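Asks: only the shape, not the letters, is given here:
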């Protein structure tokens, strides 16, 4: 078996707007949907790797669509593209063998970003569930009526 460093990953985010910024009546308002940001941070081994304001609903939709792909293919890569940027995937998980790399186009520091594949899948899956619950709780909405109106880009 190949030897590799064991990394720890920590995701944090906070909403950058008030809870009354969006309601169910905005479910078809793409501009309003995209205006809801989170300040998202990734730390690897307690070192800052990534931080940026991200459109919360768009990021959630990318995670949710990836989780559906996992049901068919456990090696499905995760790629988050934003309609606001044309530079490439803002965040992506690249699986290889039983490992996976977490990559961003805007790293804050050069860190060893290889993880056991299942660990990274579990952490991203937990992030998807937690973000959904937090969006629904914070804004007192259900996200499902918004889903088909949230812009989504598969690639550049």
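Replies: Now that the structure is in, tell me what you want to look at. Keep in mind the model is a prediction, meaning the values are calculated, not measured.

Asks: now residue 12: closest residue in space, sequence neighbours ignored.
Replies: Setting aside the residues directly before and after it, residue 12 is nearest to residue 41 in space (Cβ to Cβ, 6 or more residues apart in numbering), at 4.7 Å. Placement of C-beta: from N, CA and C, glycine included.

Asks: residues contacting that neighbour?
Replies: Contacts here follow Cβ atoms under 8 Å, 6 or more residues apart in numbering; on that basis residue 41 touches 11-13, 48, 50-51.

Asks: now the two most distant members of those residues.
Replies: Using Cβ to Cβ, these span at most 13.9 Å, a distance reached by 13 and 48.

Asks: looking at the two, which is more packed in?
Replies: The residue with the greater number of neighbours, taking residue 13 and residue 48 and applying other Cβ atoms under 10 Å, is residue 13; the counts read 20 against 13.

Asks: buried set for the host helix or strand of that one?
Replies: When elements are assigned from DSSP states H and E, residue 13 belongs to strand 9-15. Burial within strand 9-15, assessed by neighbour count using 16 or more other Cβ atoms under 10 Å, is assigned to 9, 13, 15.

Asks: okay, and the beta partners of the second one?
Replies: When bridges are called by DSSP bridges, residue 13 pairs up with residue 40.

Asks: give the buried residues for the longest helix along the chain.
Replies: Using DSSP state H to assign secondary structure, the helix with the most residues in the chain is helix 117-139. By neighbour count with 16+ other Cβ under 10 Å, helix 117-139 contains the buried residues 117, 120-121, 123-124, 127-128, 131-132, 134-135, 138-139.

Asks: with stretch 85-97 instead?
Replies: Within stretch 85-97, the residues that qualify as buried by neighbour count (16+ other Cβ under 10 Å) are 89-95.

Asks: same check on stretch 69-83?
Replies: Within stretch 69-83, the residues that qualify as buried are 76, 78-82, counting by 16+ other Cβ under 10 Å.
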